[in-house]
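Asks: Structure for the following, please:
(chains A and B)
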Amino acid sequence: MRSAGVVLGQELRDLWLGGRALALTFAFSLLLSLLAYLVATNRALNFLEQRETVNLTLQVAVAVGALLTLLTAADMVSGERERGTLESLLLTPASRLEIVAGKLLASLSLWVAAFAITIAYVWFLGRGVGIAGDALVSGIVVGTLLAIFLASVGILISLFATSNRVSLSLSLFFLLALFVPTQLPSGATSGWAGDFLLRVNPLTAGEHYIGRIVVDGRGWSEDVTWLTSPLIAAPLFAVLALAVGGRRLSLRGGASE
Amino acid sequence: MTQAVEANAVGKRYGALVALDDLSFAAEQGEILGVLGPNGAGKTTAIRILTTILEPTHGSFSVAGVPHTRPAEIRRRTGVLPESAGYPERQTAEEYLRYQGRLFGRSRAAARTAAAALLEEVGLADRGRTLIGTYSRGMRQRLGIARALVNEPQVVVLDEPTLGLDPAGQRQMLGIIRRIAGERGATVLLCTHLLAEVEETCTRVLILNRGRVVAQGTVAEVARQAAAPRTVTIRVPAEDAERARASLSPLEVVLSGGTLRVQLDGAEPNEPLRRLVDGGIEVRSYELEAARLSDAFLAMTEAAT
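Replies: Residues are numbered from 1 along each chain as shown, chains lettered A, B, ... in the order given. Next comes the predicted model:
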């Protein structure tokens, strides 16, 4: 896997020194700043209990951090295809598996940066009630699982997309579809079917778990069943992305070579 | 001679569409083999199969002695300039070549040294630290050649290396290609539409049409095989010149003193000679103009359509 390290290094340089990742994380920090300012000063939001303020900030940070990771991963193959640089990669002795692994790991760097930025906001908003530590630990666990899951989905979409625009659109649509249960009226998610819907969706299950830890002050193991779908989805989709990428990374998108 | 590239009945199908049909040829070490064909002839498919980007539907091939069942080993020994190669706009040429060198297994230091040497070799040493985004078409093509040489390949495949270059750039590129074969001893497969550069540079040619090989051999062999001469230059005594022209009618004749330049227009090459002899005219010399590769190319590719 030596070549995976070389690809990873180059992708990180392209992302961070090229400025694309810096621009995204700058936008992310602006969003968190705005949110923190509103929850600290806006009357309606300021009415929230402090634990809920931390929970809201953390959930937004996890969701947006995962979105950045997904979009970055969705550009990794289809974007390189469109820029005409994929062929020179495929002409090297690096295996397709190594190339995809390097790109998958590089896209996760967006989540790492997003979480690093989040630390300061959660610490600031959670000071005095002793939940900053628990919030940050639950945030990094859930966020990392979701980032791996979504980055893998992004890579899979990118492998088969016929253009970069299609890849980015499909990825965004997929994420929005994952958010649908959060927009349902509370009555729709209260029965066993609603509970199942929330639990089977890694995004809603993960965010629910964070809420239990941060807002309800539950212990780590009390509601750990909510982590089931993120714990299954992250490794499953990562292996799937690597396996499919190792066989199907090609100059053309679509179903056939 | 060692066979650097050998293909046996290699084919590629996309459903019912035959992109390449039974490609068989061999290229020797150190030779420059021109691969010709009109658009859609299967040149790029052939190149992508030989460079292991695509898998053949049938047939077998070897590159630098490595069978096609070991694609990573083939890639390790092959350098390629793809037709539509893209370059990272925000990297410098030096960074790009270092990255490519690392992907071929070189250490950081070795990749750095190789990048500097290659930039020097293709005449980009003074622009090595400039962003590729600022490069002209010719500079990108030279960078592409440098990339193709980053692993010191035994076989170099160049797909339209002179595309979009001005005449000076084309000449410079052909010089580099000759050096790759001459000084490095690498086998070069040169895909191009420019027949003049093939005549000038290649030791042998392979003509593809509709996925099939329609001719292969030296430039002279292929030209002879496919196309008859188009003109003949005849010298007769000056006083017989007008009579000679009349006897050659209706062939188009340009008369200059005792020299007649005759357009054959599909007539047998010896037809003018027969007429002059039958007319009792002394023929002092009779020179058929050798067929050109372009005539052969057109004859072979048009005949097949």
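Asks: All the strands of chain B, in order from the start?
Replies: B:3-14, B:17-28, B:32-36, B:58-63, B:66-67, B:78-81, B:155-159, B:187-191, B:204-209, B:212-217, B:231-235, B:253-256, B:259-263, B:285-288 (DSSP state E).
Asks: And the ones you listed: which comes nearest residue A:157?
Replies: Comparison of the strands of chain B against residue A:157 by Cβ to Cβ identifies strand B:3-14 as nearest, at 23.4 Å. Where C-beta positions appear, they are placed from N, C-alpha and C, glycine not excepted.
Asks: can you list the domains in chain B?
Replies: B:3-87+B:135-225, B:230-289 (automatic domain parsing).
Asks: Mean pLDDT lowest where, among these?
Replies: Within these, the stretch with the lowest mean pLDDT is domain B:230-289, showing a mean of 86.
Asks: May I have the distance across it, first residue to last?
Replies: 7 Å (Cα to Cα, to the nearest Å).
Asks: Pull the distance from that domain to the chain's centre.
Replies: 36 Å (Cα atoms, centre = their mean, to the nearest Å).
Asks: And stretch A:246-257, by the same measure?
Replies: 25 Å.
Asks: One more: stretch B:103-111?
Replies: With Cα atoms, centre = their mean, you get 32 Å for stretch B:103-111.
Asks: I'd like to know how far the residue nearest to the spatial centre of chain B sits from residue B:296.
Replies: Most central in chain B under Cα atoms, centre = their mean is residue B:34, positioned 2.8 Å from the mean C-alpha point. Applying Cβ to Cβ, to the nearest Å, the value for residue B:34 to residue B:296 is 12 Å.
Asks: and if you look at residue B:267?
Replies: With Cβ to Cβ as the criterion, residue B:267 and residue B:296 are 19 Å apart.
Asks: Of these two, give the one with the bigger neighbour count.
Replies: residue B:296 (26 against 16; other Cβ atoms under 10 Å in any protein chain shown).
Asks: Just say which of the domains of chain B is most tucked in.
Replies: Of all the domains of chain B, domain B:3-87+B:135-225 carries the top mean neighbour count, a mean of 20, counting by mean count of other Cβ atoms under 10 Å in any protein chain shown.
Asks: For the closest residue in space to residue A:96 that isn't next to it in sequence, grab the count of nearby residues.
Replies: Nearest residue to residue A:96, sequence neighbours excluded (Cβ to Cβ, 6 or more residues apart in numbering or on different chains): residue A:249, at 4.1 Å. Using other Cβ under 10 Å, the number of residues around residue A:249 comes to 22.
Asks: give the contact list for residue A:249.
Replies: A:77, A:90, A:96, A:99, A:100, A:159 (Cβ atoms under 8 Å, 6 or more residues apart in numbering or on different chains).
Asks: Chain B: which of the residues you listed is nearest?
Replies: Set against chain B, the nearest of these by Cβ to the nearest Cβ is residue A:90 (5.6 Å).
Asks: Isn't that closest one up against residue B:53?
Replies: Yes: Residue A:90 lies in contact with residue B:53 (Cβ atoms under 8 Å); the separation is 5.6 Å.
Asks: any common contacting residues for the two?
Replies: A:250, A:251.
Asks: what about the helices in the stretch 101-250 of chain B?
Replies: For the stretch 101-250 of chain B, applying DSSP state H, counting those that start in this stretch gives helices covering B:108-121, B:137-148, B:167-182, B:195-201, B:219-226, B:241-248.
Asks: name the helices or strands packed onto the fourth one?
Replies: Same thing as helix B:195-201. strand B:32-36, helix B:167-182, helix B:293-303 (3 or more Cβ pairs under 8 Å, 6 or more residues apart in numbering or on different chains; DSSP states H and E).
Asks: how about the last one: buried residues?
Replies: Judged by neighbour count using 16 or more other Cβ atoms under 10 Å in any protein chain shown, the buried positions of helix B:293-303 are B:293, B:295, B:296, B:297, B:299, B:300, B:301.
Asks: between the residues you listed, which is closest to residue A:163?
Replies: residue B:301 (33.0 Å).
Asks: State the distance from the closest one to residue B:223.
Replies: Applying Cβ to Cβ, the value for residue B:301 to residue B:223 is 14 Å.
Asks: and if you look at residue A:145?
Replies: Where residue B:223 is concerned, residue A:145 sits at a distance of 67 Å (Cβ to Cβ).
Asks: swap in residue B:116?
Replies: 43 Å.
Asks: For chain A, what is the nearest residue in chain B?
Replies: residue B:86 (2.2 Å).
Asks: Next, the contact list for that residue, please.
Replies: Residue B:86 neighbours (Cβ under 8 Å, 6+ apart): A:83, A:84, A:85, A:87, A:88.
Asks: among those residues, who's most crowded?
Replies: Counting neighbours by other Cβ under 10 Å, residue A:88 comes out on top of those with 23 neighbours.
Asks: No further questions, thank you.
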